[in-house]
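>>> What follows is a predicted protein model with its sequence.
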Amino acid sequence: MKIRTIAALALAAAALAACGGGGGIGGTGSRAMGTLHVALTDAPSCGYDAVHITVEKVRVHQSSGAGDGDAGWSEVVLSPPRRVDLLTLTNGVLEDLGQTTLPAGKYTQMRLVLAANGPIDALANSVTPTGGAEVALTTPSAQQSGLKLNVDIDVAPDQTADVVLDFDACKSVVRRGNSGQYNLKPVIAVVPVVSSAGGRVVGYVDPSIALGSTLVSLQAGGVPVKATTPDVNGKFVLYPVPPGSYALVVSAAGHVTAVMTGVPVVDTAYTYVNGPALALVPPMATSRVVTGSVTPATASLRALQSLSGGPVIETAWAPVDASTGAFGFTLPIEAPVKTVYVANPTALAFAADTAAAGKYTLEAAADGATKTQAINVGATVPPLAFTFP
């Protein structure tokens, strides 16, 4: 499970009470108490019109090894359970899940408990493929005890700790061959918040590429920290994001990858990378399809590209078929373009990184192990195979 640390929007206590409070630990006596507030957001999804999950509760514990029946759990309970379409939670939109009072201290385990698909609601958790019919989403066998997340949340006495569960629907929904069925393989980042005044990057891509297939992400060390798709006008909002310096990466079908380095994020103000008059539109590109298989089929695959002078970026992520282990990438052949962030720019000067043209490293990951393969899509790439023992 990937875990990240970010920050979320604080809401009024009166509104939160309607979301269903939580049962904390009994018999706390004079122990110092704090409050945990939880919200939900999503990265973009690929190839789906809707991805629904139904949340029953969020549980936290101070021990990362605590079992489901152990004492010491505190809960944010949603009554009735909340059915949410994750694909509506992009571009900085948050779904409030509620809050609970609990003993102050450090919490290292969280569990997201989903309702089961069953006689009452056969589609409590479901996926609607683009142009297809809604089908049930098969959730992990451990669902009854919750999807386990390792976290690092400090709850201070008489303070509210805000966290966002950043659900990556694209990476979390996995096709099972030609069966028409899909598995939920949750990829969720959990992020404590400082302020809603910042932690946000705003910009625009050209309306011609303002499509659901266009991906805008902030990355650090080749790892996406937050991603979204632009709205119909090309505007994108990346929130919440921890303070730091990032590479902004724009990937659009039929175009080269565009990268803006040194994008700053602070807690106290928004970061604007451009306005609609300077909307980003990467040059056109031809592409190469790269296919292969990975064993086990539970592995993940991504394509990395090393730019001259840095950074390394993730240019694409490939879904792996849950039945066959098959995967496929569509990668630009032409050179990526790069520029450096400038506050209040009057022009955007992207330059082609010709040394990086067509060169990628495919990275497979399974059970904490990784394997890589360098490729050059300037020529046909034979099918690749990754096998983990």
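Everything's here; your move.
>>> residues in contact with residue 114?
Residue 114 makes contact with 53, 54, 55, 56, 124, 125, 139, 143, 146, 147, according to CB atoms under 8 Å, 6 or more residues apart in numbering. No exception for glycine: its C-beta is placed from N, CA and C like everyone else's.
>>> what's the closest of those residues to residue 183?
Set against residue 183, the nearest of the contacts of residue 114 by CB to CB is residue 139 (8.1 Å).
>>> gap between that closest one and residue 309?
44 Å (CB to CB, to the nearest Å).
>>> Same question for residue 193.
Residue 193 is 33 Å from residue 309, by CB to CB.
>>> Give me the more crowded residue out of these two.
residue 193 (22 against 9; other CB atoms under 10 Å).
>>> Three-state assignment for residue 289, please.
Three-state assignment for residue 289 (DSSP: H, G, I helix; E, B strand; the rest coil): strand.
>>> And for residue 309?
Relying on three-state DSSP, one would call residue 309 coil.
>>> Just the pLDDT for it.
At residue 309, the model reports a pLDDT of 95.
>>> Could you shift the numbering so residue one becomes 181, and keep it that way?
Okay, residue one is now 181; in that scheme the one you just asked about reads as residue 489.
>>> For residue 350, give me the backbone phi and psi.
phi -60, psi -50 (degrees, to the nearest 10).
>>> hang on, it packs against residue 482?
No - using CB atoms under 8 Å, residue 350 is not in contact with residue 482, being 11.7 Å away.
>>> shared neighbours, these two?
Common neighbours of residue 350 and residue 482 (CB under 8 Å, 6+ apart) are residue 497.
>>> is the residue nearest the centre of the chain in a bridge, and if so with what?
Taking CA atoms, centre = their mean, the centroid of the chain lies closest to residue 348, which sits 3.6 Å from it. For residue 348, the beta-bridge partners under DSSP bridges are residue 223.
>>> List the contacts of it.
182, 222, 223, 367, 368, 369, 407.
>>> and the residue lying closest to residue 430 once chain neighbours are set aside, bridged to which residues?
Leaving aside its chain neighbours, residue 430 sits nearest to residue 438 (4.3 Å; criterion: CB to CB, 6 or more residues apart in numbering). Beta-bridge partners recorded for residue 438 (DSSP bridges): residue 430, residue 517.
>>> what number of residues lie near residue 518?
A count of nearby residues for residue 518, using other CB under 10 Å, gives 23.
>>> so where do the helices sit in this structure?
Assigned by DSSP state H, the helices in the chain fall at 193-197, 349-352.
>>> distance between the shortest one and the chain's centre?
The gap between the average C-alpha position of helix 349-352 and the chain average comes to 8 Å, counting by CA atoms, centre = their mean, to the nearest Å.
>>> biggest strand in this protein, by residue count?
strand 228-241 (DSSP state E).
>>> for it, what is the average pLDDT?
94.
>>> How about stretch 508-525?
On average, the pLDDT along stretch 508-525 is 97.
>>> and the end-to-end length of it?
End-to-end distance of stretch 508-525 (CA to CA, to the nearest Å): 37 Å.
>>> for stretch 529-547, same thing?
With CA to CA, one end of stretch 529-547 sits 42 Å from the other.
>>> next one: stretch 215-235
20 Å.
>>> Pull out the buried residues from it.
215-226, 228, 230-235 (16 or more other CB atoms under 10 Å).
>>> repeat for stretch 529-547
For stretch 529-547, by 16+ other CB under 10 Å, it's 530, 533, 536-546.
>>> quick one: average pLDDT of that stretch?
On average, stretch 529-547 scores 97.
>>> and that stretch, how far from the chain's centre?
With CA atoms, centre = their mean, you get 21 Å for stretch 529-547.
>>> again with stretch 243-258
25 Å.
>>> Need the distance between the two termini of that stretch.
End-to-end distance for stretch 243-258: 23 Å, by CA to CA.
>>> Many thanks, we can stop here.
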